[in-house]
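S.K.: Okay, here's the prediction I keep looking at, along with the sequence it came from:
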Amino acid sequence: MPTWDPEQYSRFADHRDRPFHDLLARVGATAPRLVADLGCGPGTLTRTLAQRWPTAHVVGVDSSPEMVERASGLAGERLTFRLADLRDWVAERVGQGTAYDVVVSNATLQWVPDHLDLLPDLVSVLAPDGWLAIQVPGNHDAPLHAILRELAGTEPYAAHAARAADRFTLPDPEDYLRVLADLGCEVDAWETTYLQVLQGEDPVFEWISGTGARPVLQALPDDLRARFEEEYRARLREAYPRRPFGTVLPFRRVFAVAHRR
């Protein structure tokens with residue numbers, strides 16, 4: 001996994017935060033006691049869970065030391081953060097038989113290969129009447145990713161970055177619906193394409209350099225990274241032309257909310 005920069009990630013926060021709120025709008029829990037945010041990042045959205053449910057204890061889990069360090073500054077009596085791989089955290093909870101009323105995973109499971117296989121364990125840590133809320137990007141075929149993979153696969157970059165650019169195909173809403181329904185849950189699954197209007201110089205590059213491009217950029221040696229970035233920026237400008245009102249980045253996202261009856 002790459003190292004993360006909380007400052008870079010927090011750019012375009014309004015666009016990054018909106019799917020989280022759209023996801024949580026479909027969670028019907030009223031007075032949960034235990035809430036988990038798996039892949040909590042810098043913790044700003046995790047804090048809103050403690051504000052929404054004032055009687056709940058909320059734990060944020062992330063595998064990035066940089067993100068957890070930033071999030072820890074928000075910790076309080078009902079809000080804690082833990083450095084852990086979410087798969088290890090889930091396995092530990094399953095072993096302990098701990099029951100959570102709400103488990104949220106927002107823009108995180110796309111980093112976990114075969115994560116549909118993890119869904120039974122995620123459901124098993126839910127209390128009766130518990131809720132599981134998942135959101136993942138669904139734009140792996142979009143130009144910004146296709147260009148990244150193509151460029152990383154060419155010389156002189158391929159020897160360093162081709163493997164880092166190789167990403168697995170993510171599930172569709174129907175996949176989450178099928179798996180979670182087979183586990184006995186009531187499921188609400190959908191997708192949305194946001195037409196994000198970004199501002200600034202090379203905003204699509206700034207967007208993806210905070211997330212999906214980080215493994216590639218960090219895999220490149222210093223003497224090649226600047227050259228790669230220059231070529232990548234130029235191709236992104238062509239694919240996403242700047243307009244008088246900003247640069248439009250269509251972004252498809254996939255959602256699933258499961259209620260354990």
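M.R.: Received it, and whenever you're ready, just let me know what you need.
S.K.: all helices for the stretch 151-261 of the chain, in order.
M.R.: With helices called from DSSP state H, counting those that start in this stretch, the stretch 151-261 of the chain shows them at 158-165, 173-182, 203-209, 214-219, 222-239.
S.K.: Can you say which of those helices is packed in most?
M.R.: Burial among the helices of the stretch 151-261 of the chain, expressed as mean neighbours by mean count of other CB atoms under 10 Å, is greatest for helix 203-209, which shows a mean of 21. In this view, the C-beta of every residue, glycine as well, is placed from N, C-alpha and C.
S.K.: what's the average pLDDT for that one?
M.R.: Predicted confidence along helix 203-209 averages 92 (mean pLDDT).
S.K.: again, but for stretch 95-110
M.R.: Stretch 95-110 shows an average pLDDT of 92 in the prediction.
S.K.: Output that stretch as PDB, nothing but the C-alphas.
M.R.: Only the C-alpha atoms of stretch 95-110 are listed here, as PDB (Å, rounded to 0.1, in the frame of the first residue of the first chain):
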ATOM      1  CA  GLY A  95     -13.100 -14.200  17.000                       C
ATOM      2  CA  GLN A  96     -14.300 -12.100  20.000                       C
ATOM      3  CA  GLY A  97     -17.900 -12.200  19.000                       C
ATOM      4  CA  THR A  98     -18.100  -8.400  19.300                       C
ATOM      5  CA  ALA A  99     -21.400  -7.000  17.800                       C
ATOM      6  CA  TYR A 100     -21.500  -3.600  16.100                       C
ATOM      7  CA  ASP A 101     -24.700  -1.800  15.400                       C
ATOM      8  CA  VAL A 102     -23.300   0.100  12.400                       C
ATOM      9  CA  VAL A 103     -20.200  -0.700  10.200                       C
ATOM     10  CA  VAL A 104     -19.300   1.800   7.500                       C
ATOM     11  CA  SER A 105     -16.700   1.300   4.800                       C
ATOM     12  CA  ASN A 106     -16.400   4.400   2.600                       C
ATOM     13  CA  ALA A 107     -14.100   4.400  -0.400                       C
ATOM     14  CA  THR A 108     -11.800   1.700   1.100                       C
ATOM     15  CA  LEU A 109     -12.700  -1.800  -0.100                       C
ATOM     16  CA  GLN A 110     -11.400  -1.000  -3.600                       C
END
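S.K.: who's in contact with it?
M.R.: Outside of stretch 95-110, the residues that reach it under the criterion CB atoms under 8 Å, 6 or more residues apart in numbering are 16, 19-20, 23-24, 27, 29, 32-39, 45, 49, 53, 56, 86, 93, 115, 118, 122, 125-137, 170.
S.K.: Quick one: buried ones out of those?
M.R.: Among those, the ones that count as buried by 16 or more other CB atoms under 10 Å are 16, 19-20, 23-24, 27, 29, 32, 34-39, 45, 49, 53, 56, 86, 93, 115, 118, 122, 125-127, 130-137, 170.
S.K.: how many other residues sit next to Trp111?
M.R.: Each residue near Trp111 was counted by other CB atoms under 10 Å, and the total is 18.
S.K.: what does Pro244 give?
M.R.: Based on other CB under 10 Å, the number of other residues close to Pro244 is 4.
S.K.: quick revisit: kindly reformat the helices of the stretch 151-261 of the chain as a markdown table and extend each row with distance to Gly97.
M.R.: Putting these into a markdown table (distance: least, CB to CB, whole Å) gives the following:
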| stretch | distance to Gly97 |
| --- | --- |
| helix 158-165 | 38 |
| helix 173-182 | 21 |
| helix 203-209 | 40 |
| helix 214-219 | 36 |
| helix 222-239 | 47 |
